[in-house]
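Visitor: Give me a 3D structure for the following:
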Amino acid sequence: MVESFIGMFSPYADLSRGLQETLRLDRLPACRSDHGRLEILLRGAGLTDRPLEERIAVAQQITDAARPLLRLHRKREHRRYAERAIAVVFEDEQLASAGIATMRFTFLASHDTDPRQ
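Guide: Residues are numbered from 1 along each chain as shown. The predicted model follows:
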């Protein structure tokens, strides 16, 4: 609930909603700029447990969906991320005996991976 409320006021709220609609995601992804590139974060989707090839395929689908949305954005500062590397991060948490364990997977898609370019 808090994540979706904060996400409404994110500078990348349009991108988050567009990705959620395009990819039919249950949760709104968090998007932010980090180290000169865009980072798309999906929490609690259970993707960190999947095989590596599947995680990479999902991350590529996300970047392939994000680039056209970024190219059409009204702000130039957001459009420039369409031609840069995009980081896709999957993060899941599990209860452990003495606390919470967080698993994280990061895929960095270079700007030239889109076959349509």
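
Visitor: If the closest residue to Thr48 other than its chain neighbours is in a bridge, with which residues?
Guide: Using C-beta to C-beta, 6 or more residues apart in numbering and skipping residues adjacent in sequence, the residue nearest Thr48 is Met103, 4.0 Å away. Using the backbone N, CA and C atoms, a C-beta is placed for each residue, glycine as well. Counting by DSSP bridges, Met103 is bridged to Asp92.

Visitor: Spatially central residue for the chain, please.
Guide: In the chain, the residue lying closest to the centroid (C-alpha atoms, centre = their mean) is Ile40, at 2.3 Å.

Visitor: For burial, what's the neighbour tally of the nearest residue to Tyr12 once chain neighbours are set aside?
Guide: Sequence neighbours aside, Cys31 is the residue nearest to Tyr12 in space, at 3.6 Å (criterion: C-beta to C-beta, 6+ apart). The burial count assigned to Cys31 is 25, neighbours taken as other C-beta atoms under 10 Å.

Visitor: do the same with Gln60
Guide: Look at Gln60: counted by other C-beta under 10 Å, it has 15 neighbours.

Visitor: Can you tell me the element Glu54 falls in?
Guide: Using DSSP states H and E, Glu54 maps to helix 52-71.

Visitor: Can you name the element that comes right after that helix?
Guide: Using DSSP H and E, the next helix or strand after helix 52-71 towards the C-terminus is helix 76-79.

Visitor: ok, residues contacting that following helix?
Guide: In this structure, residues lying in contact with helix 76-79 by C-beta atoms under 8 Å, 6 or more residues apart in numbering are Pro11, Tyr12, Leu15, Leu70, Arg71, Leu72, His73.

Visitor: From the chain's centroid, how far away is it?
Guide: Offset of helix 76-79 from its chain centre (C-alpha atoms, centre = their mean, to the nearest Å): 17 Å.

Visitor: how about that helix: buried residues?
Guide: Buried residues in helix 76-79, defined by neighbour count with 16 or more other C-beta atoms under 10 Å: His78.
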